[in-house]
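*Asks:* My questions are about this predicted structure, shown below with the sequence.
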Amino acid sequence: MELPVVVGVDGSEGSLQAVDWAAAEAERSGQPLRLVHASLWEHYEGIRPRLSEDRPSEQVFAENLVAASEERAHRQAPDVKVSTDVRPDDPVTALLDEGTEAALLVVGPRGHGPIAGMLLGSVSLAVAARASCPVVVTRGAEPNRRSTYGRVVLGVGETTGSTAAARFALRQARARNCELTAVRVWRCPPYENMPYPLVDGEQTRAYRQKADEYLDRVLGVTVRDVPEVTVRRKLVQGTAHQALIEESEGADLLVVGAQRRRGVVGLQLGRVNHAMLHHAPCPVAVIPEGR
């Protein structure tokens, strides 16, 4: 069975952006698209027959919302196979469940309600931090979301999930026929910056070489699988979150890896990924380790 690109829809502006991005991704990848709206109203109202004239207003709203999203997706990508579902569950639980049989989950950066004005909505954050499949949060301005820059950025971090992230980033670059910029950020710990120029220089070179070797290991395992993609290596001295924000200014997608520890309850993102989901100027793909 071909796994779909799943997008969560709630009628917000952010979810409409997510539908557009997901439709374009399904078209690029040749995968089906699945639109999912989740609501708990059925638990309180009960599900009535679809042809009943006295259907609850919440049911009518959900059906209309999903139908409008489906029409939007067809306009964006006419040849993509689209399916829809309205699930009687809270959005996070529903999307995490959908992710067990999805190639990719796509969510908007914000939703409805009092949390809509925050940098990132609670549903998007929870899904990105807990899903078992890759998740894309459709952040950024329209040019970034519309893939106008021809550039994918990969943040190569310390987690073993960097290899999975690298493979995902390479596939994205190949599908988009664009280059991949692999960024490895490094820095000398402040307590090791001694006031002796020769020693300090040796320490700096040692840390830069270590970062270079780590980047070699990650790319050496993955690049040979997708040789047609042009990969540009970049070593940056500084802080990871600032460097990745600057690199993704002119990017169509930022890809980062995230560890998933079995038995751990709660968000599993890390500080850098958390910052990217709140502040990156382009869509962010979070790739779980072990996928």
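*Replies:* Cool, got the structure. Numbers count the residues shown, from 1 in each chain.
*Asks:* any idea of the mean pLDDT for the lengthiest helix in the chain?
*Replies:* If you go by DSSP state H, the chain has its longest helix at helix 197-222. On average, the pLDDT along helix 197-222 is 81.
*Asks:* helices or strands up against that helix?
*Replies:* Contacts defined by 3 or more CB pairs under 8 Å, 6 or more residues apart in numbering; DSSP states H and E place helix 197-222 against helix 162-176, strand 179-186, strand 231-237. Every residue, glycine included, has its C-beta placed from N, CA and C.
*Asks:* Using CSV, lay out those together with mean pLDDT, distance to residue 208 and mean neighbour count.
*Replies:* Shown next, in CSV, are the helices and strands packed on helix 197-222 (pLDDT from 0 to 100; distance: least, CB to CB, whole Å; neighbours: other CB atoms under 10 Å):
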stretch, mean pLDDT, distance to residue 208, mean neighbour count
helix 162-176, 93, 18, 23
strand 179-186, 95, 6, 22
strand 231-237, 94, 6, 15
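*Asks:* Tell me which of the ones you listed lies nearest to residue 258.
*Replies:* Nearest to residue 258 among those is helix 162-176; the distance by CB to CB comes to 8.2 Å.
*Asks:* Which other helices and strands does the closest one contact?
*Replies:* Checking 3+ CB pairs under 8 Å, 6+ apart, helix 162-176 ends up next to helix 13-29, strand 151-155, strand 179-186, helix 197-222, strand 253-258, strand 284-288.
*Asks:* let's see it at 6 Å
*Replies:* Applying 3 or more CB pairs under 6 Å, 6 or more residues apart in numbering; DSSP states H and E, we find helix 162-176 packed against strand 151-155, helix 197-222, strand 253-258, strand 284-288.
*Asks:* ok, back up a step: same question for the longest helix of the chain: list its buried residues.
*Replies:* For helix 197-222, burial by neighbour count (16 or more other CB atoms under 10 Å) applies to 203-204, 207-208, 211, 214-215, 218-219, 222.
*Asks:* between the helices and strands packed on helix 162-176, which gets nearest to residue 59?
*Replies:* strand 284-288 (32.7 Å).
*Asks:* mind saving the C-alpha coords of the closest one as CSV?
*Replies:* What follows is strand 284-288, C-alpha atoms only, in CSV (Å, rounded to 0.1, in the frame of the first residue of the first chain):
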residue,chain,number,x,y,z
VAL,A,284,10.6,22.9,8.7
ALA,A,285,10.7,19.1,8.3
VAL,A,286,11.4,17.2,11.5
ILE,A,287,12.6,13.7,10.9
PRO,A,288,12.5,11.2,13.7
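*Asks:* who does that strand pair up with?
*Replies:* Paired with strand 284-288 in the same sheet, following DSSP bridges, are strand 135-137 (antiparallel), strand 253-258 (parallel).
*Asks:* Point out the most buried one among these.
*Replies:* Most buried of those by mean neighbour count (mean count of other CB atoms under 10 Å) is strand 253-258; its value is a mean of 29.
*Asks:* per the record, what domains does the chain have?
*Replies:* Per the record, the chain has its domains at 5-138, 143-288, by automatic domain parsing.
*Asks:* distance between the ends of the last one?
*Replies:* Spelled out, that is domain 143-288. In domain 143-288, first residue to last residue: 27 Å (CA to CA, to the nearest Å).
*Asks:* and it, how far from the chain's centre?
*Replies:* 14 Å (CA atoms, centre = their mean, to the nearest Å).
*Asks:* cool, and the first one?
*Replies:* Averaged C-alpha coordinates place domain 5-138 at 15 Å from its chain's average position (CA atoms, centre = their mean).
*Asks:* Would you mind writing the CA trace of stretch 224-238 as CSV?
*Replies:* These are the backbone C-alpha positions of stretch 224-238, laid out as CSV (Å, rounded to 0.1, in the frame of the first residue of the first chain):
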residue,chain,number,x,y,z
ARG,A,224,26.1,7.9,-2.5
ASP,A,225,22.4,6.8,-2.5
VAL,A,226,21.3,10.0,-4.4
PRO,A,227,24.4,10.9,-6.5
GLU,A,228,22.4,13.2,-8.8
VAL,A,229,21.9,15.9,-6.1
THR,A,230,24.5,18.7,-5.8
VAL,A,231,25.5,18.9,-2.1
ARG,A,232,27.2,22.0,-0.7
ARG,A,233,28.9,21.6,2.6
LYS,A,234,29.0,24.4,5.0
LEU,A,235,30.7,24.7,8.4
VAL,A,236,29.6,27.6,10.6
GLN,A,237,31.1,28.7,13.8
GLY,A,238,28.5,30.0,16.2
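*Asks:* in the stretch 1-150 of the chain, which spans are strands?
*Replies:* With DSSP state E, counting those that start in this stretch as the criterion, the stretch 1-150 of the chain has strands at 5-8, 33-38, 82-87, 104-107, 135-137.
*Asks:* Right, I'll call it a day here.
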